[in-house]
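J.: Here is a sequence with its predicted model. Questions after.
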Amino acid sequence: MIILTIDVGGTHVKLLTTELEKKRSFDSGPNLTPEQMVAGIQELTTDLEFDVVSIGVPTPVVRGKIQQEPHNLGDGWVGFDFEKAFGKPTKLTNDAAMQAMGDYHGGRMLFLGLGTGLGSAMIVDGILQPMELAHLPYKNSKTFEDYLGVRGLERLGKKKWRTAVLDVVQRLSAALEAEYVILGGGNGRLVDDLPDNTTLGANSNAFLGGFRLWDQSIGTSSVRVGDVEKSRVIRRTSDDAQQITTLFVDIGGVLLTNGWDRKSRMLAAEKFDLDYAQIDERHQFTFDKYEVGRLSLDDYLDRVIFFEERPFSRKDFQDFVFAQSQKLPDMLEFMLEVKKLNHLHVIAVSNEGRELTEHRIKEFKLGQLFDCFMSSCFVHLRKPDVEMYRQAMDVAQAKPNQIAYIDDRSMFVDIARSLGIQGIRHRSCKETKHALLALGLKVDA
């Protein structure tokens, strides 16, 4: 499922999909109507595919319906049928609530979005409640938004505006008993002297929040998002929750590139002038046997490549196979840090053939991270066989709710969850960091 998330602000409308590398945007403003917003999104997505839509709007949303016209946009938002306009299943939420979902990492959090207006949301022990603090009276017959929104910034100047931000943060944090405050929005970066227990949120987390409206596996295993009108549980908080002591981590697609996937085989076919359809058919019949340790790499190559005479050597081809393994950005270093900070037991649970596994362990010094390797070639089992997970639990001597499992394949994550393991669908280092935070782990020294 490809999710399109739209973040509607008073200055810009931004979009991102779960398959897109960089966000796209266009200008909004006080006259922007929903028809114009939809037209702008359609213009920017002509080359994109998506299955469902999440929209964050700067106005109250109750039971999936906009309750009043946004203060900083044009008219026509109340009652507008976005699902009909996009022709896709669509969920709406308040824009501050959407970013709060992406920024939350446990406890009692107050989110304040400093943008054209003032967005606000509160999450208490995992329960998300959008709030409308912006238009409550603050002082001098003006509202919180009159001081902290862009009009207040322009009227007061940066120095007095920052003073007002600090005062409001302290007042609201005390009144709502927030354990910490996240400042988001485009102007959050202008606050250069943050109060205690206050940090700047990443505006891009609004997209993460939008993705989570549809897909609970994005970023964290414990985001459970039902219909928009219901409170959204962001973090598992049951009294009998166990501290995470053990990580099960896949290798290919999480720490390193996949060792010998379809893309690599296509590159091999091009480089060595092979018939891709022919070798791929032979691969499909053979590779599972190699991964579970019933064939050596030489056996595999005999059946898939060297079943006829070739103008290149076996060593040249094997070297090419090994060269396809590359580190993914930041993940290996990040996981080493997480292990050290939390004193975790880390086990590799992966589908890989013996020679490829041994090459990757040596080349990338994976022994520094992993305490043992439950690789398919060693245990003669292959995911999605549930017995592989059970054996890993036996080796770890940990209860399911003490284990977090990180994998880039949703089916493998779902199987782990069915056993009571905290499953994390890996998409990026940033999202996995949020997921581990939500499980109560330290992720940054």
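T.: Sure thing, it's come through.
J.: Spell out the residue ranges of the helices in the stretch 151-300 of the chain.
T.: Applying DSSP state H, counting those that start in this stretch to the stretch 151-300 of the chain gives helices spanning 205-212, 262-271, 276-291, 297-304.
J.: and the first one, what does it pack onto?
T.: Right, helix 205-212. If contacts are counted by 3 or more CB pairs under 8 Å, 6 or more residues apart in numbering; DSSP states H and E, helix 205-212 sits against strand 3-8, strand 12-17, strand 52-57, helix 95-103, helix 429-438. Yep, even glycine has a C-beta here, placed from its N, CA and C like the rest.
J.: What's the first helix or strand after the fourth one?
T.: As assigned by DSSP states H and E, the chain's next helix or strand after helix 95-103 is strand 108-114.
J.: circling back to that earlier point, out of the helices of the stretch 151-300 of the chain, which gets nearest to residue 130?
T.: helix 205-212 (11.5 Å; CB to CB).
J.: just the helices in the stretch 301-445 of the chain please.
T.: Counting by DSSP H, counting those that start in this stretch, the helices of the stretch 301-445 of the chain are 314-323, 331-342, 354-363, 376-379, 386-396, 410-418, 429-438.
J.: which residues does residue 336 contact?
T.: When the contact criterion is CB atoms under 8 Å, 6 or more residues apart in numbering, the partners of residue 336 are 368, 369.
J.: let's go with 10 Å and repeat that
T.: By CB atoms under 10 Å, 6 or more residues apart in numbering, residue 336 lies in contact with 346, 365, 368, 369.
J.: Mark which of the residues you listed are part of strands, please.
T.: residue 346 (DSSP state E).
J.: still on that earlier bit, JSON lines for the helices of the stretch 301-445 of the chain, including distance to residue 173?
T.: Shown next, in JSON lines, are those (distance: least, CB to CB, whole Å):
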{"stretch": "helix 314-323", "distance to residue 173": "53"}
{"stretch": "helix 331-342", "distance to residue 173": "27"}
{"stretch": "helix 354-363", "distance to residue 173": "47"}
{"stretch": "helix 376-379", "distance to residue 173": "50"}
{"stretch": "helix 386-396", "distance to residue 173": "40"}
{"stretch": "helix 410-418", "distance to residue 173": "35"}
{"stretch": "helix 429-438", "distance to residue 173": "20"}
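J.: Need the winner for burial among those helices.
T.: Per residue and on average, the most neighbours among these fall to helix 429-438, with a mean of 22 (mean count of other CB atoms under 10 Å).
J.: Could you check the angle that one makes with helix 95-103?
T.: If you take axes from the mean of the first three to the mean of the last three CA atoms, to 10 degrees, helix 429-438 sits at 80 degrees to helix 95-103.
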